[in-house]
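Q: Please work out how this folds:
(one chain, ligands or ions: 1)
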Amino acid sequence: MSLQLLLDSANITAWEEWIPTGIFKGITTNPTLIRQSKRPCNLQWIKKLAKKANKLNCQQLHLQAWGKSAIDLTECGLALSKLSSSSLNIYVKIPLTIEGCQAAINLTRAGKAITFTACFKSQQILIASTIGATYIAPYLGRINDEGRNGMEELLKMQKTVENINSKTKLLVASIREVSELTNLANHGITTFAISPSIAKALIDVPSTNLAANKFELDASVMLKETNFI
Ligand code: G3P
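A: Numbers count the residues shown, from 1 in each chain. I've put the predicted structure just below:
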């Protein structure tokens, strides 16, 4: 499967900066990111986010459902999934709790695409695969924060996905270093949600910028010397 990068942000200014670079297939968000963007986590605002994602030509928008019970999560997920359009696929993100599983099975039975989120243990791959989630999002950095080896845990998850021939794909989140992307990609993991700061670290290579500036300088000197164009 080809590489898929998703921008992990609910901040429209960040969307406008990073989506036009062409390196992202879409966007992931959650209530915490919406709170950080100082906007309300309600359907009214999320409708505006979906409209904006559409305008920016995103192919995917992962929107997280909220609610304490399975019924609340299901209803919220159904409302979120209605924001899809012919060009924008909505994936309903649901935390991997017991209530989340109940909501996810309701939504998959209704034909909705699910991204399970807040995955910390490889055993959770089995749950996501059984329920038929499209993606499961392991939190690499937060697994490391718990004092465990996040990279080893993720490779174990990927092995499980491959060994059980699962249709569920890893969508790695909580990435703190660009090197984690390349290490995981070298082990066949292809889908990543990255923050705007990781996007900058990924794309902004000083030596490339220096070389590009030199090309521009040489082009303008030649223009002056030859009066060409
Ligand atoms: O958006 C979920 C995840 O990517 C958060 O990352 O760095 O806050 O653990 P982080």
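
Q: where do the helices sit along the protein?
A: With helices called from DSSP state H, the chain shows them at 12-18, 31-36, 43-55, 70-81, 98-109, 124-131, 140-145, 150-163, 178-185, 196-203, 206-226.

Q: Minimum distance to Phe116: which of these has it?
A: Closest approach to Phe116 among the helices of the chain (C-beta to C-beta): helix 124-131, 4.6 Å. C-beta here means a position set from N, CA and C on the backbone, and glycine is covered the same way.

Q: who touches that closest one?
A: 96, 101, 104-105, 108, 114, 116, 119, 136, 157, 160-161, 164, 166-168 (C-beta atoms under 8 Å, 6 or more residues apart in numbering).

Q: Narrow those to those that are buried.
A: Neighbour-count burial (16 or more other C-beta atoms under 10 Å) applied to these gives 96, 101, 104-105, 108, 114, 116, 119, 136, 157, 160-161, 166, 168.

Q: hmm, who's touching stretch 157-171?
A: Residues from elsewhere that reach stretch 157-171 (C-beta under 8 Å, 6+ apart): 1, 6, 28, 62, 115-116, 119, 122, 125-126, 128-129, 132-138, 154, 187-193.

Q: Any regions of the chain where pLDDT drops low?
A: Within the chain, the ranges that satisfy pLDDT under 70 run 1, 227-229.

Q: what's the residue closest to the geometric middle of it?
A: Central residue of the chain (C-alpha atoms, centre = their mean): Ala193, 3.1 Å from the mean position.

Q: returning to what we had before: now, among the contacts of helix 124-131, which is nearest to Trp45?
A: Ile114 (21.9 Å).

Q: Could you report the neighbour count for the residue lying closest to Ala14 once chain neighbours are set aside?
A: Leaving aside its chain neighbours, Ala14 sits nearest to Pro196 (4.4 Å; criterion: C-beta to C-beta, 6 or more residues apart in numbering). If you count neighbours by other C-beta atoms under 10 Å, Pro196 ends up with 16.

Q: If we go by neighbour counts, what in stretch 191-200 is buried?
A: Across stretch 191-200, burial judged by 16+ other C-beta under 10 Å covers Thr191, Phe192, Ala193, Ile194, Ser195, Pro196, Ile198, Ala199.

Q: From one end of that stretch to the other, what's the distance?
A: 18 Å (C-alpha to C-alpha, to the nearest Å).

Q: Next one: Ile175 from the ligand, what distance?
A: In this structure, Ile175 and the ligand are 7 Å apart, going by C-beta to the nearest ligand atom, to the nearest Å.

Q: again with Ser179
A: Taking C-beta to the nearest ligand atom, one finds Ser179 at 15 Å from the ligand.

Q: Let me see the contact set for that residue.
A: So Ser179 contacts nothing (C-beta under 8 Å, 6+ apart).

Q: ok, now Gly132?
A: Thr108, Ile114, Lys167, Thr168.

Q: List just the nearest of those residues to the ligand.
A: Ile114 (16.3 Å; C-beta to the nearest ligand atom).

Q: does the closest one have beta-bridge partners, and which?
A: Val92 (DSSP bridges).
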